[in-house]
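[1] Make a model of this:
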Amino acid sequence: MKTRLAAVLWGLTFAWGATSTQAVEPLPLFDAHLHYNVEAAGGPYPLDTVLKLFRDNRITGILANSRPNDGTRALYEAKPKDVWVVPFIRPYIVQPDRHTWFADPKIFALIEAEHKRGYYQGIGEFHLFGKDAKTEWVKKTVDFAVANNLYLHAHSDEAAVDILFSHNPKVKIVWAHTGFSTGPEMIEKYLQKYPNLWGELSYRYDVTEGGKLKAAWRRLFEQYPDRFVVGSDTWVNERWGQYASIMNGYRDWLAELPQDVAEKIAWRNAERLFRR
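    All right, here's what the predicted structure looks like:
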């Protein structure tokens, strides 16, 4: 009863602050799945606009990966004082590369060339499913990541995750969308199996039902509070237009969790993983 009461009080404080007349700042969030693609950067979302969007929504940091990588470089090299940019190399030049990158030596050369800039912390997001993960170029990418202390950001099914870890058990993987449709029981098995696996939660609308956390997800978050991060996945401009709604959606269900758990998922896990 005391634990439940404490959770309720935390939720009220989260929403309204210490008093009923003065609201506190929204929970800060680290956006661990952000694309600044050419359609946004070269269109309705110039750099100043997106930086203001982050500030307006109390986004303290972003994991940026873009198609092409120019968008990520623009964000990082702007060096915004109030938004921490964690740059990842995206192994795509054009969108169709998502279907072929894993068998294309030119993409591995792209990864090597981008890495020479000296500031990247990971590779991905990339799409990789099933036996496609068995190619020599994926193996080279995994080994390159391990050798250079880089994370992988994998939009993958369980089979591809298994293969990635079989290439090199030391690899560190941020699992985009936490498998997209993988259920809580299977997610738990994978978190237990692979200590270097973290789940990113964009597009996981199944976390809630009727606006409330599902019991299975609540248990998963409370059992593994160090293993999840949140993200927007601005892969199309429509997602930029929905940015505030997407990120506030996380705040809604994070407020149902104990404060320490909510803060870890919201931003502390990203701080621990990526701060150098």
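[2] My read is that Ala133 contacts Glu158, right?
    No: using C-beta atoms under 8 Å, Ala133 is not in contact with Glu158; the gap is 11.0 Å. Any C-beta I mention is one placed from the backbone N, CA and C, and that applies to glycine too.
[3] These two: which is more packed in?
    A count of neighbours by other C-beta atoms under 10 Å puts Ala133 above the other of Ala133 and Glu158, at 24 against 16.
[4] quick one, what contacts that one?
    Phe102, Ser156, Ala159, Ala160, Ile163, Leu164, His167 (C-beta atoms under 8 Å, 6 or more residues apart in numbering).
[5] Ok, Tyr190 next?
    So Tyr190 contacts Glu158, Val161, Trp175, Gly179, Thr182, Leu197 (C-beta under 8 Å, 6+ apart).
[6] Among these, which one lies nearest to Gly71?
    Trp175 (22.7 Å; C-beta to C-beta).
[7] I figured Thr72 was touching Leu63, is that so?
    No: here Thr72 lies out of contact with Leu63, judged by C-beta under 8 Å, at a distance of 9.7 Å.
[8] Show me the common contact partners of these two, please.
    Phe88.
[9] in the protein, which spans are strands?
    For the chain, strands defined by DSSP state E occupy the ranges 29-34, 59-64, 84-89, 122-128, 151-156, 172-175, 197-200, 208-209, 212-213, 228-229.
[10] packing partners for the fifth one?
    Contacts defined by 3 or more C-beta pairs under 8 Å, 6 or more residues apart in numbering; DSSP states H and E place strand 151-156 against strand 122-128, helix 136-147, helix 158-167, strand 172-175.
[11] same thing but at 6 Å, please
    Using 3 or more C-beta pairs under 6 Å, 6 or more residues apart in numbering; DSSP states H and E, the elements in contact with strand 151-156 are strand 122-128, strand 172-175.
[12] Turn the ones you listed into TSV, including distance to Ile111, mean pLDDT and mean neighbour count.
    As requested, these are exported to TSV (distance: least, C-beta to C-beta, whole Å; pLDDT from 0 to 100; neighbours: other C-beta atoms under 10 Å):
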stretch	distance to Ile111	mean pLDDT	mean neighbour count
strand 122-128	6	99	25
strand 172-175	16	99	24
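[13] Ends of stretch 35-51, what's the gap?
    13 Å (C-alpha to C-alpha, to the nearest Å).
[14] can you pull the buried residues of that stretch?
    His35, Tyr36, Asn37, Glu39, Ala40, Ala41, Tyr45, Val50, Leu51 (16 or more other C-beta atoms under 10 Å).
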